[in-house]
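Trainee: Provided below are the primary sequence and the corresponding predicted coordinates.
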Amino acid sequence: MGAYLVRRLALMVLTLFGMSVVIFVLLRIVPGNIADILFDSAGMVDPAEKARIVAELGLDQPIAAQYLKWIGGLFQGDLGYSYLSEKPTIEEIAPRIPITAKLALLALIFSTVIGVPLGVISAVRQNSGLDYVIRVLSLSGLSLPSFWLGLLILMAAVRYFGDIPIYTRTPASLWDELLLYSLPAAAVGFRSSALVMRLTRSSMLEVLRQDYIRTARSKGASAAAVNFNHGLRNAVLPVITIIGIEAAFLLGGLIVTETVFNIPGVARFLVEAIRWRDYPIVQNLVMFIALVVVVVNLIVDLLYSALDPRIRYAD
Amino acid sequence: MRTALAAVAAAFLSAVAGLAGPALAQKHGGTLRIYHRDMPASASIHEEATVSTNMPFMAVFNNLVFFDPDVKINSPEKLVGELATSWAWNADNTRLTFQLRQGVKWHDGKPFTSKDVVCTWSTLSGLTAPEKGGDMRKNPRKVWYQNLKEITTKGDYEVTFVLGRPQPSFIAMLAAGYSPVYPCHVPAREMRTKPIGTGPFKFVEMRRNESIRLVRNPDYWKPGRPYLDAIDWKIIDNRSTRVLAFIAGEFDLTFDSDITFPLLKDVRSQAPKAVCEARPTNVSNNLIVNRDAAPFNNPKIRLAMAMALDRKTFVDILSQGNDKIGAAMLPGPEGVWAMPADMLATLPGYGPDTEKNQAAARKIMEELGYSDANPLKVKVATRNIAVYRDPAVLLIDQLKKIHIAGELDAVDTAVWFSKIARKDYQVGLNLTGLGVDDPDVNFYENYSCGSERNYTGYCNKEVDALIDAQSREADREKRKKMVWEVERKLVEDVARPIISHNVANTCWQPHLKGLVLQSNSIYNGWRFEGVWLDK
């Protein structure tokens, strides 16, 4: 297990290095840089002034030198300055991470709490009226774009309550936060829950046909014990995988929800930074998201062995 | 008799009191809540050319002189002094002297003096080299001050602008929202992120993509102003969300001109008490043609394209008939320099019979060998955002009628100006906004030889001479005729055909009082010092 962990950690470092090169090069392949965009808001381009900005920001240096400067800074804890706000990158990114993390966590809880039980019920009551209703629900969750669902929620709130549940001020308490994030979390969690529901159902159906389930039933175990202790425990591995993938996806994939509900999280911020070609923000934020993804993947892999004793990682 | 007179006097006085009532009823206090459509590139008005910066940050500053904020139509005859208490031209209109207000302090407590005025305009006009303190990243309105030769001072409270030739419009440019006085002692970088001014509101913070907050300046030089305690801007880039938030009463005022005519119906039906005002933005949709690239170096093709424009269709589709049709200057009644309608109709392509215009254009193209079977294939470039894309699609449709097969080239908004500045386009659809409804601002920025914003590269020395001549002319009526002559030449030369002038709506809640929208430029009038909340 120890050697496996060391191998995985080494692989993580390699993955992150690859990501850093890819994001750095891709950003510079995209047409235009911050100097172009700064002039966009001025409605003109003065070549001399533009050259001065490019030099000031070090964008006239060879790409390898720019990369080494960034990576060198990263190792020293210096993430650089935002080209746009002219503030340290860490000051811009740090306050937004908890916002998105909380929203993603709530969405994940929503999708798991709704998705897993409904998936189990749908499998256990296969081809019943309830199964059909749940399947329609899950299909609609997969089909409805979350921005549209978000807008519908906002329109309904304005129409029926005369209020709009968007982020216009920093929540004063944990309860405020919970209230503020619950609707966007539901909007985005609805899609995730549909995914979890579908996967739980198909995985459960496969498990429920196994011989050991029949044996458990013939032993006289209760339906709940069969479904949850024997069935769900064995069916949950692919569900854990998809929840893990969703957790990683949600950190960067909440862009639409954050935009519709006006939440100042990292996903919306990342897109805005890409639009401005604010390289220090984009590079560091993408690296952070990549780090989260590889760490979550590692945790999911380790969870496998915790949940299923048959899985052991060889040293 | 005496009793009757007393009754009349009493009635008169009560009527006057009644009229004066609202003026006396201003309430102090409260926070004005406004939504912003996007994150401004910076807080430095001098470095930007967008209402995204002007609207939130004008309240931090003062000008020397300012278009009277209580008068809807900006004109040089309706100016009020801000940091200048009086001003006077010399006999030959080449020296403009200002007496400055004494005792004014910057928001950091330092005194305002003539040195600040010299610093500001030395930098803007290029009299100060960038490395000598004029460390602004961009200077988009340098062309406004090309006639400024020197700035002299007499003590701390008198300053004189010395011009190379008479230019009556110079003072109009100083009165624009784009012309605040900057403090000499604050570096440009700080002005972009934490601006310091002398204005009615102090800057508190700008949280990127989130909010901007200003608070009342307790030491403001104008007694009793401003009325508000603070202004809170929330940045909401999704239009549906922000309009719903306004309908829900989350905001007192929309961002300027953010409500399109289709959206106006929603606002009216869901927030019937909201006050909405439509007005021209002084932003035009225009056709740009790369006149250096074949076959568009042939003036006949450019003329045919201009004549193919069915302006009324653009107006009907884009704004439900509310946009305005005009030449280079803003049309009336809001436009101070508007060309009379009967004169406008005589310009090539402006006649009422669009079919006839298009037939003439088609004939030109056919003489050049183009036909339905052999159309001229072009890429119509535009920014990849709806306000640009929509008219570009209409343009392609109209060009099809004269054997031009256009293909939409939706350009990433980030590189739009870079692309057209290096002439990397054939045909394009652009939007152009004017900070001041003034011929000098428009002509020098957009049509004079070598100007950075002259995207088509149009250059006609004869027109440049006409532009200079109207710029010198002090008699308003004579100057108008000269301006119309320039406009005619620009249309005949197909310099940059104007398709329409945009009109859009701004809305506010009924408890917001004292807001006077300027009708001939969206870039002025955002000091907010006379605005108050009746709640």
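Mentor: Okay, I see it. Numbers count the residues shown, from 1 in each chain, chains lettered A, B, ... in the order given.
Trainee: how about residue 41, nearest residue that isn't a chain neighbour?
Mentor: I'll assume chain A. Nearest in space to A:Ser41, with sequence neighbours left out and distances taken as Cβ to Cβ, 6 or more residues apart in numbering or on different chains, is B:Ala41 at 4.0 Å. Using the backbone N, CA and C atoms, a C-beta is placed for each residue, glycine as well.
Trainee: which residues are in contact with that neighbour?
Mentor: A:37-38, A:40-41, A:84, B:47-48, B:50, B:52-53 (Cβ atoms under 8 Å, 6 or more residues apart in numbering or on different chains).
Trainee: same question for B:Arg242.
Mentor: The contact partners of B:Arg242, taken as Cβ under 8 Å, 6+ apart, are A:262, B:35, B:37, B:236, B:251, B:254-255, B:258.
Trainee: from A:Leu307, how far off is it?
Mentor: Distance of B:Arg242 to A:Leu307, given as Cβ to Cβ, to the nearest Å: 46 Å.
Trainee: next one: A:Val188
Mentor: According to Cβ to Cβ, A:Val188 stands 26 Å off from A:Leu307.
Trainee: neighbour count for the two, which is higher?
Mentor: More neighbours surround A:Val188 than the other of A:Val188 and A:Leu307, with 30 against 13 (other Cβ atoms under 10 Å in any protein chain shown).
Trainee: can you confirm the more buried one is in a strand?
Mentor: No. Going by DSSP: H, G, I helix; E, B strand; the rest coil, the assignment for A:Val188 is helix, not a strand.
Trainee: name the nearest residue to A:Met246, ignoring sequence neighbours.
Mentor: No, residue A:246 isn't Met; it's Glu. Leaving aside its chain neighbours, A:Glu246 sits nearest to A:Ser192 (5.0 Å; criterion: Cβ to Cβ, 6+ apart).
Trainee: in stretch B:526-535, which residues are buried?
Mentor: B:526-533 (16 or more other Cβ atoms under 10 Å in any protein chain shown).
Trainee: just the terminal-to-terminal distance for it.
Mentor: 21 Å (Cα to Cα, to the nearest Å).
Trainee: ok now that stretch, how far from the chain's centre?
Mentor: 21 Å (Cα atoms, centre = their mean, to the nearest Å).
Trainee: still on that earlier bit, what about the contacts of B:Ala41, which are in helices?
Mentor: Of these, the ones assigned to helices by DSSP state H are A:37-38, A:40, B:52-53.
Trainee: around chain A, pick out the residues from the stretch 151-300 of chain B.
Mentor: Residues of the stretch 151-300 of chain B lying close to chain A (Cβ under 8 Å from any Cβ of the partner chain) are B:189, B:192-193, B:206-210, B:234, B:236-238, B:240-242, B:244-245, B:247-250, B:270.
Trainee: rerun at 7 Å
Mentor: Within the stretch 151-300 of chain B, the positions lying close to chain A (Cβ under 7 Å from any Cβ of the partner chain) are B:189, B:192-193, B:208-210, B:234, B:236-238, B:240-241, B:244-245, B:247-248, B:250.
Trainee: just the buried residues out of the residues you listed, in PyMOL syntax.
Mentor: A single PyMOL command selects the buried members of these (16+ other Cβ under 10 Å):
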select buried, chain B and resi 192+193+208+209+210+234+236+237+238+240+241+244+245+247+248+250
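Trainee: in chain B, where is pLDDT below threshold?
Mentor: B:1-24, B:129-134 (pLDDT under 70).
Trainee: which strand in it has the most residues?
Mentor: Secondary structure of chain B read by DSSP state E shows that its longest strand is strand B:275-289.
Trainee: what is the nearest of the buried residues of stretch B:526-535 to A:Ala248?
Mentor: Minimum distance to A:Ala248 across the buried residues of stretch B:526-535 is 44.1 Å, recorded for B:Trp526 (Cβ to Cβ).
Trainee: which helix or strand contains the most centrally placed residue in chain B?
Mentor: Nearest residue to the geometric centre of chain B (Cα atoms, centre = their mean): B:Gly435, 3.1 Å. Assessed by DSSP states H and E, B:Gly435 sits outside every helix and strand.
Trainee: and what of B:Val380?
Mentor: Applying DSSP H and E, one finds B:Val380 within strand B:376-383.
Trainee: any residue of that strand touching chain A?
Mentor: No. Using Cβ under 7 Å from any Cβ, we find that strand B:376-383 stays clear of chain A, coming within 9.0 Å at best.
Trainee: so which elements touch that strand?
Mentor: Other helices and strands packing on strand B:376-383, by 3 or more Cβ pairs under 7 Å, 6 or more residues apart in numbering or on different chains; DSSP states H and E, are helix B:386-400, strand B:404-411, strand B:427-433.
Trainee: circling back: now, which of the ones in helices among the contacts of B:Ala41 sits nearest B:Ile301?
Mentor: Proximity of these to B:Ile301 (Cβ to Cβ) peaks at A:Asp40, which lies at 29.3 Å.
Trainee: ChimeraX command for the buried members of the contacts of B:Ala41?
Mentor: Those of the contacts of B:Ala41 that count as buried under 16+ other Cβ under 10 Å are selected in ChimeraX with:
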select /A:37,38,40,41,84 /B:47,48,50,52,53
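Trainee: what segments of the stretch 151-300 of chain A are strands?
Mentor: Using DSSP state E, counting those that start in this stretch, no strands are found in the stretch 151-300 of chain A.
Trainee: contacting residues around the residue of it found nearest chain B?
Mentor: The stretch 151-300 of chain A approaches chain B most closely through A:Ile164 (4.1 Å), counting by Cβ to the nearest Cβ. Contact analysis of A:Ile164 by Cβ atoms under 7 Å, 6 or more residues apart in numbering or on different chains lists A:154, A:157-158, B:244-245, B:248, B:250.
Trainee: grab the nearest non-local neighbour of B:Cys507.
Mentor: Here the residue nearest B:Cys507, using Cβ to Cβ, 6+ apart, is B:Cys276, at 4.1 Å.
Trainee: let me see the domain layout of chain B.
Mentor: B:2-9+B:29-234+B:509-533, B:283-503 (automatic domain parsing).
Trainee: quote the end-to-end distance of the last one.
Mentor: Start to finish, the residues bounding domain B:283-503 are 8 Å apart (Cα to Cα).
Trainee: which residues of the stretch 301-450 of chain B lie near chain A?
Mentor: Residues of the stretch 301-450 of chain B lying close to chain A by Cβ under 7 Å from any Cβ are B:412-418, B:421.
Trainee: re the thing from before, neighbours of the residue nearest to B:Cys507, just the number please.
Mentor: B:Cys276, neighbours per other Cβ under 10 Å, totals 15.
Trainee: what is the burial count for the residue lying closest to B:Arg311 once chain neighbours are set aside?
Mentor: Using Cβ to Cβ, 6+ apart and skipping residues adjacent in sequence, the residue nearest B:Arg311 is B:Ile325, 4.8 Å away. Neighbours of B:Ile325 under the rule other Cβ under 10 Å: 17.
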